[in-house]
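Visitor: quick one: sequence and predicted model below, then my questions.
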Amino acid sequence: MTTDPNSNGKVPADAAASQVAPPPRALPGSGDTQRHVLVALVLDKPGVLNRVSSLMRARNFNIDSLAVSRTDQPDVSRMTITLHGDGVAVEQAAKQLYRLIDVLKVQDVTSEPTIQHELALIKIRATDSTRDQILKVVELSKGRVVDLSPEAIVVEVTGSEGEVDTFLALVRTYGIKELVRTGAVVMSRGSASIEEALKR
Amino acid sequence: MTIAKGDAQAPPASEPKTRRSHVPNEGSANAAAIEAARKGMLHEARELHRTRIGADVLCEALLRQGVDVFFSYPGGVILPLYDVLGDYPELRHVLVRHEQGGAHAADGYARVTGRVGVCMGTSGPGATNLVTGIGTALLDSVPMVAITGNVPSALIGKDAFQEIDINGITLPMTKHNYLVRDADELPRVIAEAFHIARSGRPGPVHIDITKDALQQETRAEHPSEADIVAGLPGFRPNTEPHGRQLKLATQELANARRPMILAGHGVLHAGAWDELRAFAEQTSIPVAWTLLGIGAIPEDHPLAYGYMGMHGWKHVNRAIQSADLLFAIGMRFDDRVTGNVRTYAPYARIVHVDIDPAEIGKNVAVEVPIVADAKRVLEALIRMVPATGLEERREYLDQLAEWRRESEGSSWHGSGAWRDGLLSADYVVSRIGELTDHAASYIADVGQNQMWLARYAGFREPNSHVSSGGLGTMGFSVPAAMGAALGRPDREAWAITGDGGFQMTFQELMTLVQDRIPVKIALFDNKKLGMIRQWQEIIYAGNYHSAHLLGPDYLKLAEAFGIPATKASTPNEVDDAIRFAQGVDGPALVWFEIAEEQNVFPMMPAGKGLSDLIEKWGGADE
């Protein structure tokens, strides 16, 4: 960052009031990035997922995860979008989402108390010598064995992204044959409801 | 009795065909005719002795929306529409020569009228040809409804003849888009499309209709406007300004010593030119404008300061760089306006008014955002802000006036006498402005001609300047002028184009002739891609690859199309040439052979700041 008054050509000479060169203008979206969670309620219409993902791509927002599901309202779907960016950039993403005709409500729940869970299915390589150890780790991690076969164990784990990451780190040494994660789904704590706020 | 489509049985001889063929030369239908059409547009009232099909619903819906003209090109899957068009003679159909021309014409129509422009095409290539025009409308927030036919719904996804996923193509470049496979949905979809296109921040909406939906028999009724709004819970543009934000704005205005109003396209969209003028006069704040904000205030108004940005006036950019408050209304701090954002208006606090919340804080951080309709904001502020006399700003305004004299008096300012008596483009533009009493519609192409027009024509009226600002679509001028001429038949329509852009879309000359659309074309021929040449001269060390452009003999070309034409190569031929075109009843072309190496100055190189203007280059006396 430069504060040289001459860095900007001829401005100071023209400026009647200020003799001190101002600092350069901040570029929107250039601040420190962090993980944000957006919850979007959208009309359940054909192509709405395409609209959302196309917009995020076109506007240069990089989605970490995206989970879509029905809600208790028949024509409304819910999207949970996690992405990285500074506050201004994520606010811009939310505002761009609002421009979509099918988007009803967008909320950045990053700073709110929330429950954030995802579900992962992990197919772990298992042999007679490792099976018991794996089952122990699964038990201690509150995972659930959903399929057992001579050479593999399929485990279901739910929890925050961090909890799932921790479990994966623990079993990676045995060999992960296959992994699927749903991406985070999020709900605010307490009685407040984004769905009720929508009642129209 | 009704006869179904495709019924082998011929109509009884006692019921002669009531269909009228469409007469193209009758001009735009007037309001009374549209009103009459509204009343009598229902199928029964028209006594059409045949089944009402989707294509009828489309025509009825267009009439309900007040459409009097649309631009289209037929093709296989949209023929069901052409089969019924003869029953709706109030709907003027202009047969363009290329769908892109149709889209630009709808765009030009929308920009001069403030109403929704309509264009159509068939599936596949017809649809993809519309895309450039739809993108142009999106970037400039122009209300447009683009309609395409698509293959029968049973064939969708089968790579049928002339099938393309046009819905997927237009999805990221429209405000909203639809695929309709059922005629019963047409009334709602078309009404929604028009509502979305014109409400809030305007923009293009695309409707793709399958052939079977156009042919399907239907009794679906047209919804009311209230039903439409209720059916779009996710579309509630905010038009009323927030009281607290207005109050903050008044404080900023009260504290400012060197304020500047930056007026953009939003002022024109909102129809807020009177309010803008009143607000400027009440506060004695000078007004600068963006390319698309031209006409928001008459340029001969004492507080009209000038055109800003990359090729804007030096005095305007200088004033912005030293301002302590920018009151930006209906503009979006495009990179052609700000240059390098880091060094943009370094002393200024910013009040930003825009109807689209996503524009706030997108390109520059602002101190006071106001999300609302420009007209509502100005009306409210006029009530809230105390009057400030010109005298109270005397020192500031005197300084601005001095900068302006300096800037306009500089040698690079077009004086009309360029090197060696060659024809200077800015002189031609200023003469067109004068001889049309600044009261025509002026439609720019893209490049040097666009900047010369923006700088030198002297605009007095709102919605009199049409220019592809955002997308920068070469080839825009002539087709957009078709729409502008039909939308505002009370004004002359002058297409200002270069030889590059003209050669992109001059097939529409034949449309001008066939439909007798009186567009006057000012062709600025420097035998170059002028702006390319200018950039190559200044930024690419004179490496003029592909800047030289061969062109035809434009007099012979015009003659072949049947368009009266003349040529001017020296300054003293200019007025006669313009008057010649004005005297022609119908389209006319004037071929201005301008100096080949004239540059548009000043110029802010891309990536540089508003203070880094290049004012001349080399030893040439520009």
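Guide: The structure has been received and is ready for your questions.
Visitor: in chain A, which spans are helices?
Guide: A:11-14, A:48-58, A:87-99, A:131-140, A:161-171 (DSSP state H).
Visitor: most packed of those?
Guide: Most buried of the helices of chain A, by mean neighbour count (mean count of other CB atoms under 10 Å in any protein chain shown): helix A:87-99, with a mean of 20. In short, each C-beta sits where N, CA and C put it, glycine included.
Visitor: gap between that helix and the chain center?
Guide: Centre-to-centre, helix A:87-99 and its host chain are 14 Å apart (CA atoms, centre = their mean, to the nearest Å).
Visitor: so it, near chain B or not?
Guide: Yes - applying CB under 8 Å from any CB of the partner chain, one finds helix A:87-99 touching chain B at A:88, A:91, A:92, A:95, A:96, A:98, A:99.
Visitor: what is that helix packed up against?
Guide: strand A:34-43, helix A:48-58, strand A:76-85, strand A:103-108 (3 or more CB pairs under 8 Å, 6 or more residues apart in numbering or on different chains; DSSP states H and E).
Visitor: tell me what angle it forms with strand A:103-108.
Guide: Inter-element angle recorded for helix A:87-99 and strand A:103-108: 170 degrees (by axes from the mean of the first three to the mean of the last three CA atoms, to 10 degrees).
Visitor: what's the mean pLDDT across helix A:87-99?
Guide: Averaging pLDDT along helix A:87-99 gives 94.
Visitor: which helix or strand contains residue B:168?
Guide: Element membership for residue B:168, per DSSP states H and E: helix B:166-170.
Visitor: what values do phi and psi take at the closest residue to residue B:193 other than its chain neighbours?
Guide: Spatial nearest neighbour of residue B:193, chain neighbours left out: residue B:205 (4.2 Å); criterion: CB to CB, 6 or more residues apart in numbering or on different chains. Phi and psi for residue B:205, reported as degrees, to the nearest 10, are phi -130, psi 140.
Visitor: which residues are in contact with residue B:205?
Guide: B:144, B:145, B:146, B:174, B:175, B:176, B:177, B:178, B:193, B:194, B:196, B:197 (CB atoms under 8 Å, 6 or more residues apart in numbering or on different chains).
Visitor: OK, contacts around residue 189?
Guide: Picking chain A for this. Contacts of residue A:189 by CB under 8 Å, 6+ apart are A:112, A:113, A:114, A:115.
Visitor: right idea, wrong chain: chain B
Guide: B:178, B:180, B:207.
Visitor: now these as a markdown table including distance to residue B:239?
Guide: Converted to a markdown table, the contacts of residue B:189 look like this (distance: CB to CB, whole Å):
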| residue | distance to residue B:239 |
| --- | --- |
| B:178 | 24 |
| B:180 | 29 |
| B:207 | 25 |
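Visitor: could you single out the nearest of the residues you listed to chain A?
Guide: The shortest approach to chain A among the contacts of residue B:189 belongs to residue B:178, at 9.6 Å (CB to the nearest CB).
Visitor: kindly state the beta-bridge partners for the closest one.
Guide: For residue B:178, the beta-bridge partners are residue B:207 (DSSP bridges).
Visitor: that one: neighbour count?
Guide: Close neighbours of residue B:178, defined as other CB atoms under 10 Å in any protein chain shown, add up to 23.
Visitor: need the pLDDT of residue B:370.
Guide: 98.
Visitor: and for the helix or strand containing residue B:214, what's in contact with it?
Guide: Using DSSP H and E, residue B:214 maps to helix B:211-215. Defining contact as CB under 8 Å, 6+ apart, one finds that helix B:211-215 is touched by B:5, B:53-55, B:58, B:76-78, B:80-81, B:149-154, B:180-183, B:185-186.
Visitor: next one: that helix to chain centre, how far?
Guide: Computed by CA atoms, centre = their mean, the separation of helix B:211-215 from the middle of its chain amounts to 32 Å.
Visitor: for whichever helix or strand comes after it, packing partners?
Guide: Later in the chain than helix B:211-215, the nearest helix or strand by DSSP H and E is helix B:225-230. Under the contact criterion of 3+ CB pairs under 8 Å, 6+ apart, helix B:225-230 touches helix B:186-198.
Visitor: with distance to residue B:312 added, can I get the residues of helix A:87-99 next to chain B in CSV?
Guide: Converted to CSV, those look like this (distance: CB to CB, whole Å):
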residue, distance to residue B:312
A:88, 27
A:91, 30
A:92, 27
A:95, 28
A:96, 28
A:98, 32
A:99, 29
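Visitor: mind listing the helices for the stretch 1-150 of chain B?
Guide: B:31-39, B:54-64, B:79-85, B:99-113, B:125-139 (DSSP state H, counting those that start in this stretch).
Visitor: dump the residue contacts of the closest residue to residue B:586 other than its chain neighbours.
Guide: Nearest residue to residue B:586, sequence neighbours excluded (CB to CB, 6+ apart): residue B:518, at 5.2 Å. Applying CB under 8 Å, 6+ apart to residue B:518 gives the contacts B:485, B:492, B:493, B:512, B:584, B:585, B:586, B:587, B:588.
Visitor: bridged to the spatially most central residue of chain A, which residues?
Guide: What sits nearest the mean C-alpha location of chain A, by CA atoms, centre = their mean, is residue A:82, with 1.2 Å. Beta-bridge pairing of residue A:82 under DSSP bridges involves residue A:37, residue A:65.
Visitor: one more: residue B:498?
Guide: Beta-bridge pairing for residue B:498 (DSSP bridges): residue B:524.
Visitor: correct me if wrong: it contacts residue B:449.
Guide: Yes - the pair residue B:498 / residue B:449 is scored as a contact, 4.4 Å apart, by CB atoms under 8 Å.
Visitor: more neighbours: those two, which one.
Guide: residue B:449 (32 against 29).
Visitor: show me the contact partners of the helix or strand hosting that one.
Guide: In this structure, residue B:449 sits in helix B:448-456 according to DSSP H and E. Contact with helix B:448-456 is made by B:291, B:294, B:307, B:311-313, B:414, B:425-426, B:429-430, B:433, B:442, B:444, B:465, B:467-468, B:477, B:496-498, B:501, B:524, B:526, B:530-531, B:534, B:598-600, as judged by CB under 8 Å, 6+ apart.
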